[in-house]
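> curious how this folds, go ahead:
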Amino acid sequence: MNRIGAVAHVENAGPVYLDCNATAPIEPAVLEEMNRLWTEGPGNAGSRTHEYGLRAKKAVQKAREQVASVVHADPEDVLFTSGATESNNIAILGLATHAAEAGRRHIVSTAIEHKAVLEPLEVLERRGFEVTFVRPGESGAVTADAVSDALRPDTALVSVMHVNNETGVLQPLKEIAAILEDHPAYFHVDAAQGFGKEFEGLRSGRIDMIGVSSHKVFGPVGVGSLIVRRRGFRRAPLKPIAFGGGQERGLRHGTLPVPLIAGMGLAAEIALRNHAIRRARCLKIRTVALDALGPLGIHLNGAPERILPHVLNFSVEGVDAEALMVVLKDLIAVSNGSACTSQSYEPSHVLTAMGLSDAEVAGAVRMSWCHMTPDVDWLAVASRIASIA
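Presented below is the predicted three-dimensional model:
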């Protein structure tokens, strides 16, 4: 295998893993690079008095460049965090002081956001902010017109995800960025699911803040980034939400985990380099899956033309998702929604917002794969589903 990312396949020691939207396997070259850094010896990127610290700082700077290149940002725009959840919290809660002082306490978001956005917004609502939640259509996407209609003169922030984690539906970021050209609101995007998989939407210079998670792009768990672009000569006036140390321009304190950061950087570089190969592999899996599952009369949740090629969210009439997952558990590992809410047994807020019936929501399953996913016996999968339909 080429060190920087030929198509690799995960060893299949049981059911085939089809839950890559929850967390994805690590790229072998990324693991190799992290192991190298761990075995080379210690080094704090904040230590400037010796070679170990300088070496660590150099690795972090390289990672900033690699992450920034994916979205056409400047390396100094990249701040490292523990993941997209922390990044989104810093972006949303960190803007609150400025917004309140400016008398702009209105926020526009969507009804299909991840809890990493919805829950910080709930915090701000308790502090006196007003949030307008734009609902999607059956396509699973909101429209730029709906976002435009929700804007007010006192809107401080617009927060719209890049790709929905449950449906894989791409949101119209370019169109939303265009309607914000003449509005001062800051534009934040949770890009946990789409970073390194879809590129054009995140490259608009009108997007002020982007939350990224490493483990969704085949890097290590426990690291992510908040990309904060300059608009004109200024970045969003964020305040820290935790304190102590002064790292990352004073917005994210704590010793930088250099091997994790370097791993994320390499994962971003490989994603950019090998995008076409990865996409082709994912499309092939999708085609074979739909050929096998189509005769069951599955209902795809989301407009097919907007769904990224590594995701299928569907319902089968008369089949409960829990029963479906049980009957398939020795063949494939799948989920019925977001991993962050899978313990709550609550109906999917995403599918409910899309207008699906209670039965369709209860029967929905999500299958998500990647370029490292081995071949699946889709005919066997379809046969098992048919046996309980």
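> can we go C-alpha only for contacts and neighbour counts from here?
Fine.
> please save the CA atoms from the host helix or strand of Ala359 in PDB.
Element membership for Ala359 (DSSP states H and E) is helix 358-362. Output in PDB follows, covering the C-alpha atoms of helix 358-362 (Å, rounded to 0.1, in the frame of the first residue of the first chain):
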ATOM      1  CA  ASP A 358     -43.900   7.900  12.700                       C
ATOM      2  CA  ALA A 359     -43.700   4.400  11.100                       C
ATOM      3  CA  GLU A 360     -41.000   5.600   8.700                       C
ATOM      4  CA  VAL A 361     -39.000   7.200  11.500                       C
ATOM      5  CA  ALA A 362     -39.300   4.000  13.600                       C
END
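> next up, the contacts around the closest residue to Val223 other than its chain neighbours.
With C-alpha to C-alpha, 6 or more residues apart in numbering as the criterion, Val223 has its nearest non-adjacent residue at 4.1 Å, and that residue is Ser82. Going by C-alpha atoms under 8 Å, 6 or more residues apart in numbering, Ser82 touches 222-225.
> helices of the stretch 101-250 of the chain, start to end?
115-126, 144-150, 173-179 (DSSP state H, counting those that start in this stretch).
> can I get those helices in CSV including mean pLDDT and distance to Pro28?
Converted to CSV, the helices of the stretch 101-250 of the chain look like this (pLDDT from 0 to 100; distance: least, C-alpha to C-alpha, whole Å):
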stretch, mean pLDDT, distance to Pro28
helix 115-126, 98, 28
helix 144-150, 98, 39
helix 173-179, 98, 32
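> and the helix or strand bottoming out on mean pLDDT in the chain, how far out from the chain's middle?
Counting by mean pLDDT, DSSP states H and E, the chain has its least confident helix or strand at helix 358-362, which shows a mean of 92. Distance of helix 358-362 from its chain centroid, counting by C-alpha atoms, centre = their mean, to the nearest Å, is 25 Å.
> other SSEs contacting that helix?
In terms of contacts (3 or more C-alpha pairs under 8 Å, 6 or more residues apart in numbering; DSSP states H and E), helix 358-362 is packed against helix 349-353.
> what sits against Gly219?
Taking C-alpha under 8 Å, 6+ apart, one finds 25-27, 30, 263-264, 266-267 in contact with Gly219.
> what about the stretch 251-389 of the chain, any weak spots by pLDDT?
Along the stretch 251-389 of the chain, segments meeting pLDDT under 70 span 337-345.
> how is this structure partitioned into domains?
Here the domain parsing of the chain from automatic domain parsing is 16-26+275-388, 28-272.
> give me the neighbour count for Val134.
Neighbourhood size, Val134 [other C-alpha atoms under 10 Å]: 22.
> so Leu328 sits against Arg384, correct?
Yes. Between Leu328 and Arg384 there is a contact at 6.7 Å, judged by C-alpha atoms under 8 Å.
> so which of those two has more stuff around it?
More neighbours surround Leu328 than the other of Leu328 and Arg384, with 18 against 15 (other C-alpha under 10 Å).
> so who does the more buried one touch?
Neighbouring residues of Leu328 by C-alpha under 8 Å, 6+ apart: 381, 384-385.
> OK, contacts around the nearest residue to Phe218 once chain neighbours are set aside?
Leaving aside its chain neighbours, Phe218 sits nearest to Ile26 (4.4 Å; criterion: C-alpha to C-alpha, 6+ apart). The neighbours of Ile26, taking C-alpha under 8 Å, 6+ apart as the test, are 215, 218-220.
> do the same with Leu37
258-259.
> what's the spacing between it and Phe199?
29 Å (C-alpha to C-alpha, to the nearest Å).
> how much space separates the residue nearest to Phe218 from Leu37?
Relative to Leu37, Ile26 is positioned 16 Å away (criterion: C-alpha to C-alpha).
> right, and Asn21 touches Asn336 too?
No. The pair Asn21 and Asn336 fails to qualify as a contact (C-alpha under 8 Å) at a distance of 11.4 Å.
> the two: which is more packed in?
For Asn21 versus Asn336, neighbours defined as other C-alpha under 10 Å are more numerous around Asn21 (29 against 25).
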